[in-house]
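> starting from these lines, generate the structure:
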Amino acid sequence: MLVGLEIHQRLEGKKLFNRCPTPAADQPLDANATKFMRRLNTSAGELGKQDEASEFESMRKRYFEYVAPQKFSCLVDMDEEPPGPINNVALIAALKFSKHINAQIIDEIHMMRKTVVDGSNTSGFQRTALISLGGVLNAGEMQIPISTVCLEEESCGIVSNNGDAARYRLDRLGIPLIEVSTEPVFTSVEQTLHGAQAIGMSLRMLGNVMRGLGTIRQDVNISTPQGSRVEIKGLQDLSLLKPLIENEEKRQEGLIQISAELQKRRKAVGISAPEKISYVDLSPMLANSQCQIIKKALSSGGAVLGAKLEMYAGLLGKELYANRRFGTELSDYAKVSGGVKGMLHSDEDLAKYGLTLEEIKIIRKTLGVHEPDAFILIADERQSASRAIEGALSRAYVLGVPLETRRADEKGGSSFMRPIAGAHRMYPETDVRPILANKELLAKVGKLESFDEKKKELCNLLGDDLGARMAKSYNLATFQKLVDAGADPKLAALTLEQTLVALRREGANVNSITDEFLLELFSLYSKEKITKAAFSQILSFACKNSDDSAQKICEEQNLYKISGKALLDLWKKEGTDTKSFMAKFRFIVDASELFGLLNIKK
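Next up is the predicted model:
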C-alpha cells in the first residue's frame, strides 16, 4: 500500500481575488442573503479534450442554488465581474512555505482554470496556480518529499444536496488555500498520520492560517499493489485517518477478490463480460406491488427498472468493510448518476421492502435471471431511474478497482463522488496576469520558523507542558499577537488554552471572540483596570454579546478593578475576614493588593 497526501490550508484576511473578508469557519448563514440559480456545463481543457470527471458531472444535468451573504461575497464570487489582482499576502505565504521546504519556485506563476462543474464554483472552474515543485519537509527522522505547492481559491460551502439539485453558500468561495501535495511515500497509517501532522504544524507557523473545523483538510490518495489510485477527499478530522486508510485497503482487496471470482465463474461456463448496458422496464408487472418504494415511484408517474447481472449471485452482498458491501458500491453510482435515493438487489432480503415471493419470481423470469445470476432494481422518476441504473451497471461491469474520487464520511469510510480527474480539465486563466517570481518579489518573503524551533522557544518561555501545547495550538498566531503587544506570555497562554477551552466545554461560542477583543482585554489588564480573575467573566459575556467591547462589558457588569482608597473603603464596609471578602469580590479585587493594604502576609 502507498499513500500520498494533499493538505489544504485556508488563510485568513481577504479572499484571493477580491477584497471580501474571509468568514469564520462556523459563520451563521445570513437569512437576508441574495439567492440565484445556475446550470453548469463542462468545457474542453487546454489540449482540446474533455476531462472524464467534468464530463460525468455535466451529464447529471443538475440545478444549483447559491446563497450570497452580502458581507462575505460580491459580484466576483457570483461570476458577474472579473477577478481582481491576486491577494499578495496569500501569495507571500505560499512562497514562504516553498522556501522553507527548499522547493523550486516557478519563475513565472500562471493562474489556471481547473474545470469543476459539480456546482462548487459558480463559474464552472476553480482558479489555481502552481507555486513550486520538488521540496522536502524535515519532520524529525522523516523526510517528506513534497511534489507541489499550489495557491488556489476555496470552493463554495455545501448547504444541501437532494440529487437533482444542490444548494451552496458563497461566503466560503474564494478564500485563499495553500495546497501541499506529497509524493506517495507513506506505507503505513502511522507514517501518514505523522506526515499530515508535520505538514499541518509547519503551515501553522505562517501565522495567518484560519482556525476551526474544516479550515485544514486532507485529501488522501491510496493505492494497493493490485488495485488503483483512489483519491478520498475532505478528511477534516485526523482521528479518522487510521480507519479511512484501513477501510480503503480492505475495500480494494475485496474488489480484487470479487473480480477474480467473477472471472473464474465466467471462464467455467465460457461467457464474457457484457458488451453493452441493457435493462428492462418492470413497471407493468409490478403495478399492484405493495412495496412502498415501488408504489411511490409508480403513483407519481415514475418507473421500475431492472437489470440482470450474469454470474453475480452472492457477490453484491459481499462485505468490503463494516456496513459496506459491493452492492453499496453500485448503489453509490446509481445515487450520483441519477439522483435516486438507492437501489435494491437480489443479495439482500427483499421481503423487508415489501416485495412478495411471487413478485420476485416475476422479476427473475422477466429478466432471465438464473441461479448463478443477480439482479438490481431502481424505482424512481423515469429519467432519473434510467441514468441511475446505467450508472450502476457501468460500475458493475468494471473489473478490479476503478480510478475514482471518493468522499470521506464521518465514520472513517468513503463513498463514490466521480471518476478521478486528469490533466484535461486544466486551461489558462485569461483574466489574471502572470506573476514574475523575481528577486524583488522574493526579497519580500521572510524566513519561516520551523515547528521544532518554535516549540523550543515556547518551552523556554512557558515551561515544557504549556509550551508544547501552545506550539500545537490553533491559537498560536493570536498568542504571538498578544505577546508582541506586551501581554504577559504565561497569562496569554493560559487564557487561550485553559479559560477559552473551559468556556467552549460549557457551550459558549468562543469563536465569536476576536483577536481585537483579546488585545483590548489584555490592554485593560496592563493598565490595571481589571483583575486576572475577571478574565473568565468578561470572556463569558463576550461569547453572548459578540458586538460588545471589553470596556463596555466591564462598565455594564461592574467588572472594573477596585483599588487604593476605594478598596479600603469597601473593606471597612464589607470586610470581616479576607477569605469571605475575596470569595465575594474576587472578580474586582486583587488579593495581593488587599493584603498589602492591610499589612497581611498572604
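> now Lys114: how far from Arg127?
Using Cβ to Cβ, to the nearest Å, Lys114 is found at 8 Å from Arg127. In short, each C-beta sits where N, CA and C put it, glycine included.
> next, show the common contact partners of those two.
Glu152 (Cβ atoms under 8 Å, 6 or more residues apart in numbering).
> what's the pLDDT at Leu350?
Per-residue confidence (pLDDT) for Leu350: 96.
> burial of it, as a residue count?
Leu350 sits with 18 neighbouring residues when counted by other Cβ atoms under 10 Å.
> which helix or strand in this protein has the lowest average pLDDT?
helix 52-59 (a mean of 76; mean pLDDT, DSSP states H and E).
> in that one, which residues are buried?
Within helix 52-59, the residues that qualify as buried are 52-58, counting by 16 or more other Cβ atoms under 10 Å.
> and what of stretch 140-149?
For stretch 140-149, by 16+ other Cβ under 10 Å, it's 144, 146-149.
> quick one: contacts of that stretch?
By Cβ under 8 Å, 6+ apart, the list of residues contacting stretch 140-149 reads 94, 97-98, 101, 103, 130-137, 178-183, 185, 191, 194-195, 198-199, 452.
> do stretch 426-435 as well
Under Cβ under 8 Å, 6+ apart, the answer for stretch 426-435 is 17, 43-46, 82-83, 85-86, 91, 108-115, 127, 129, 441.
> drop anything exposed from these.
17, 43, 45, 83, 86, 91, 109, 111-115, 127, 129, 441.
> report the two of those residues separated the most.
Ser43 and Leu441 (31.9 Å; Cβ to Cβ).
> tell me how many other residues surround Leu2.
Leu2: 14 neighbours (other Cβ under 10 Å).
> once you drop chain neighbours, what's closest to it?
Pro184 (4.3 Å; Cβ to Cβ, 6 or more residues apart in numbering).
> biggest helix in the chain by residues?
Scanning the chain for the helix with the most residues, using DSSP state H, yields helix 241-269.
> packing partners of that one?
Using 3 or more Cβ pairs under 8 Å, 6 or more residues apart in numbering; DSSP states H and E, the elements in contact with helix 241-269 are helix 189-204, strand 216-223, strand 230-235, strand 319-321, helix 326-338, strand 414-419.
> dump these to a markdown table, plus mean pLDDT, mean neighbour count and distance to Pro402.
As requested, the helices and strands packed on helix 241-269 are exported to a markdown table (pLDDT from 0 to 100; neighbours: other Cβ atoms under 10 Å; distance: least, Cβ to Cβ, whole Å):
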| stretch | mean pLDDT | mean neighbour count | distance to Pro402 |
| --- | --- | --- | --- |
| helix 189-204 | 95 | 19 | 23 |
| strand 216-223 | 95 | 22 | 12 |
| strand 230-235 | 94 | 20 | 8 |
| strand 319-321 | 97 | 17 | 14 |
| helix 326-338 | 95 | 24 | 9 |
| strand 414-419 | 93 | 21 | 8 |
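> between the ones you listed, which one is closest to Met470.
That would be helix 189-204 among those, by Cβ to Cβ, at 11.3 Å.
> among the contacts of stretch 140-149, which are located in strands?
Using DSSP state E, the subset of the contacts of stretch 140-149 located in strands is 130-137, 178-182.
> from these, keep the buried residues only.
130-132, 135, 137, 178-182.
> what's the domain layout of this protein?
2-220+421-428, 274-398, 451-561 (automatic domain parsing).
> from start to finish, how long is the second one in a straight line?
Domain 274-398 has an end-to-end distance of 11 Å (criterion: Cα to Cα, to the nearest Å).
> Three-state assignment for Glu80, please.
Secondary structure state of Glu80, per DSSP: H, G, I helix; E, B strand; the rest coil, is coil.
> typed the wrong thing, it's Thr148
strand.
> so what pairs up with it in the strands?
Leu133, Ser181 (DSSP bridges).
> burial of the residue nearest to Leu2, as a residue count?
Neighbours of Pro184 using other Cβ under 10 Å come to 17.
> wait, what's in contact with it?
2-4, 221, 223, 229 are the contacts of Pro184 under Cβ under 8 Å, 6+ apart.
> ok, now Arg39?
61-64.
> now do the least confident helix or strand of the chain and helix 326-338, the angle between them.
60 degrees (axes from the mean of the first three to the mean of the last three Cα atoms, to 10 degrees).
> I appreciate the help and will end here.
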